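Q: no FASTA, just this:
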């Protein structure tokens, strides 16, 4: 099936990831979604599951964090609890230009694993710590726990600090 930006947007809004679509079509679909004012089109728990599984791939394809953030703010369930201290293992090449990702965890150990492992491959890794106030949390995990993953708006995180740097692998 050949998708249009609108049909791909509909799939995304129902939590369906279409891997065969190219980067340009995904950008067009997200541009379309960002223009929609009715967030009731999103099946928010399914979009959360989709983003947790395929968000890194979509981010690499779309290459526009501002556009992605506009869509995630509409399409994710949000959060109404207390703020959290969270950690992230980030790639240096994304941290340096302030392109910090959306996935965060309360586990310093899990974040360290990413900072010194997968996220250190291209440029080295950075272990980050922050406070995520309620308004920064776009989606809480289905089950909160030490290794849970939170989806956050990186522009609203507070007290961001670097805890460790790791060499390029």
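A: All right, it came through fine. The structure displayed is predicted, hence computed values, not measured ones.
Q: all contacts plus neighbour counts: C-alpha atoms, from now on.
A: Noted.
Q: Can you name the element that comes right after the helix ranked longest in the chain?
A: Under DSSP state H, the helix in the chain containing the largest number of residues is helix 44-62. Per DSSP states H and E, the first helix or strand lying C-terminal to helix 44-62 is helix 65-75.
Q: Just the angle for that following helix relative to helix 44-62, thanks.
A: 170 degrees (axes from the mean of the first three to the mean of the last three CA atoms, to 10 degrees).
Q: Tell me how far the very next helix or strand once past helix 65-75 lies from the chain's centre.
A: Next helix or strand after helix 65-75 toward the C-terminus (DSSP H and E): strand 84-91. When distances are taken as CA atoms, centre = their mean, to the nearest Å, strand 84-91 is centred 12 Å away from the chain's centroid.
Q: Equivalent analysis for stretch 15-29, please.
A: 16 Å.
Q: swap in stretch 35-43?
A: Using CA atoms, centre = their mean, the offset of stretch 35-43 from its chain centre is 19 Å.
Q: quick check: mean pLDDT across it?
A: For stretch 35-43, mean pLDDT is 96.
Q: First residue to last residue on it, what's the distance there?
A: Distance between the two ends of stretch 35-43: 17 Å, counting by CA to CA, to the nearest Å.
Q: buried set for it?
A: 42-43 (16 or more other CA atoms under 10 Å).
Q: contacts for it?
A: Outside of stretch 35-43, the residues within contact range by CA atoms under 8 Å, 6 or more residues apart in numbering are 13-15, 74-76.
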